[in-house]
Each structure stands twice: as structure tokens, then as C-alpha cells.
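Here is my input; please provide its structure:
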Amino acid sequence: MGKAADNIGPAYVIKAADLPAINYLPIDHPRPCEVEWINRGTNQRMRPTTTQMLMRTLFQKVETPSVQRLHDSAGLRIVFRSEREREMFAAAFDKAVNIESETRSHVVTAVFDSRERADAAVERLRAEGIPPEAVSMLFRASQFMDTETRWPEGHSTVSIAGAVAGSGIAGAVLGVAVLAVPGVGPIAAAGAIASSAITSVASISGIIGATGGAIAKMLTDHDVDGVSAGFYDQQIQRGKTFLSVDTDLAGGFEETARSILQDAGGKTPESD
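Take a look at the predicted model:
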């Protein structure tokens, strides 16, 4: 275990499970002068290898007791220049956690074995009057693009390769952005998730550096709970298509959306 920090300034510690709330902070929140991962029980810095394990598994389904203990004990210590800045950040983060928790109840999600099935679900959602801005898709770009694409080099977080017009329902109705995700490759984001996906990894990387589980990170920022995000991360990397409906934007058609996704062949962590 690493040593405790010497002469550390006013600090606030974020539990690993609460990290997605970072994306709900107001833009003018106090910026830290130093950050480090610690074991909250011992107040000591985590070793680099332990931090890497945390980053690889943080937004994944926990498989072993040792990894669960790591998630439960890990904390991101954020150091500020003054006690006033620390207090301001603590108040802002407390509100952000509440917002993040509330928004998760408004998203209906599923994963499909093929783009064709997902497109069929989108078409049925439209027929029921659910607006395109309430619908999101995420999938490997190789399933979407027919021509060779050159991806930008030298980017450590997320790069926009360009907006792409599509021949399917997702491209024609939702619009698609293709992202070059480090460690994953080209990922296509369609609809509401496109803009948040672009900023998801970048926003948290600005505080804690590049993370593992990039797809799961995008999904947690899209109000998908952590366990489900881990399941969908694995499915997307296996070539399947994620589809979600924001029921707030859809006018409260939660049961209609859920029924359509299920009838069209969508699977969830509970049904798999």
C-alpha cells in the first residue's frame, strides 16, 4: 500500500461508486489542485497496479469478492487550495449525486443481437409517437460503416471522427457520430447519447486520467446504472447494439417503450 500524503491541504474524498456524479457538477465548481486514489479505510495512496485494476473494473459487473472490496474501499481524494473551496465543492457534489440518482429512473434500456432488430425497434418507437431526441443507440462502428475510415491519432481520450450519414433507421433519424475510443476502437453513437458520449470520457479524464471501461463510462453518464452499464459494455464490444429511451423526453411512455424493446428482441441484464 502506498504512503499517506504529507502536508495535504483541505480535501474531499469521492467514493468510487459516486464517480458518475462528477458529470452533474456545475461548470463553475472549484477545481482541485491535486487528486489521488486512496484506500478510504487506511487513508493511504493506492499502488499504481491497484489503481489500474480499479479503472479496468470500475464500471463493470463485479465478479469476485476481492474486486468488490476494492470498489468499496477506493476513494478519489481531491485536494483544494482553501477550506472554502473544499466546502463549495462538497456542497456542489452532494447536489450532483442527488441529480445523478434521480435521472437514472428515466431511462429504459436493452441490447440487441443485430442492428436490424434495433432499427426495427426504433421504427416502432417512432410509430408510437416517441420523438427521436428521446432515443439513443451505441454500437461498434464496423457495423455501421461500409467504407474504410481513417481514425485520428495522438488522442488520449475521445476523438470525434466525424458525423456520419447512415442508410439505416439510426443514421437517417437519429444521426450518428463516430468516436475513436482508446483501447476499444471506433464506436458509433446515435441520437441523444452522441453528445454526452463525446464528453463522457473526456470529462472524467480531466480529473482522474484515462480510465478503463470507456463504453460503460459513456453509459453511466447516460443514466444507466453501473451493473447494467457493465453488462452492456461487454455486449457492445461483442458486436451487439445498445438502445435506450429517455421516458422524460418521451412524454412518460415508459411501459410502451419497455414493451417495444422487449418484443423486438431486446435483452437486459435481468433477462439475459
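
Count the neighbours of R31 for me.
12 (other C-beta atoms under 10 Å). For glycine as for every other residue, the C-beta is placed from the backbone atoms N, C-alpha and C.

Please state the backbone phi and psi of it?
Its backbone dihedrals place R31 at phi -90, psi 140, with angles given as degrees, to the nearest 10.

separation between it and L76?
From R31 over to L76 the distance is 14 Å, taken as C-beta to C-beta, to the nearest Å.

Could you do N43 as well?
Using C-beta to C-beta, we find N43 at a distance of 13 Å from L76.

ok, these two, which is more surrounded?
Neighbour comparison, N43 and L76: the larger count goes to L76, with 22 against 13 (by other C-beta under 10 Å).

Where does that one sit, in terms of helix or strand?
Take DSSP states H and E as the rule and L76 turns out to sit in strand 74-79.

Strand partners (parallel or antiparallel) of that strand?
strand 11-15 (antiparallel), strand 34-39 (antiparallel) (DSSP bridges).

distance between that strand and the chain's centre?
20 Å (C-alpha atoms, centre = their mean, to the nearest Å).

mind listing the helices in the stretch 51-200 of the chain by residue range?
Taking DSSP state H, counting those that start in this stretch as the criterion, the stretch 51-200 of the chain carries its helices at 65-73, 83-103, 115-127, 169, 193-208.

deepest of the ones you listed, which one?
Ranked by mean neighbour count under mean count of other C-beta atoms under 10 Å, those are led by helix 169, which reaches a mean of 22.

ok, back up a step: in terms of mean pLDDT, which of the helices of the stretch 51-200 of the chain ranks lowest?
Per-segment mean pLDDT for those reaches its minimum on helix 169, at a mean of 46.

which one of the strands paired with strand 74-79 lies closest to Y232?
Nearest of the strands paired with strand 74-79 to Y232, taken as C-beta to C-beta: strand 11-15 at 22.5 Å.

buried residues in the closest one?
Buried residues in strand 11-15, counted by 16 or more other C-beta atoms under 10 Å: A11, Y12, I14.

got it, and stretch 133-141?
Those buried within stretch 133-141 under the rule 16+ other C-beta under 10 Å are A134, V135, S136, M137, L138, F139, R140, A141.

Please give the centre-to-centre distance between that stretch and its chain.
On the basis of C-alpha atoms, centre = their mean, stretch 133-141 is displaced by 13 Å from the centre of the chain it belongs to.

Pull the residues that contact that stretch.
Contacts of stretch 133-141 with the rest of the structure, by C-beta atoms under 8 Å, 6 or more residues apart in numbering, involve 115, 118, 122, 125, 149, 170, 173-174, 178, 185-194, 197, 215, 218-219, 222, 232, 236-237, 239-250.

Can you show me the CA trace of that stretch as CSV?
Output for stretch 133-141, consisting of C-alpha atoms alone and laid out as CSV, is shown next (Å, rounded to 0.1, in the frame of the first residue of the first chain):
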residue,chain,number,x,y,z
GLU,A,133,-34.5,13.0,-29.3
ALA,A,134,-35.6,10.5,-26.7
VAL,A,135,-33.9,7.6,-28.4
SER,A,136,-30.2,6.6,-28.2
MET,A,137,-28.0,3.9,-29.7
LEU,A,138,-24.4,2.7,-29.2
PHE,A,139,-22.6,0.1,-31.3
ARG,A,140,-19.3,-0.8,-32.9
ALA,A,141,-18.8,1.4,-35.9
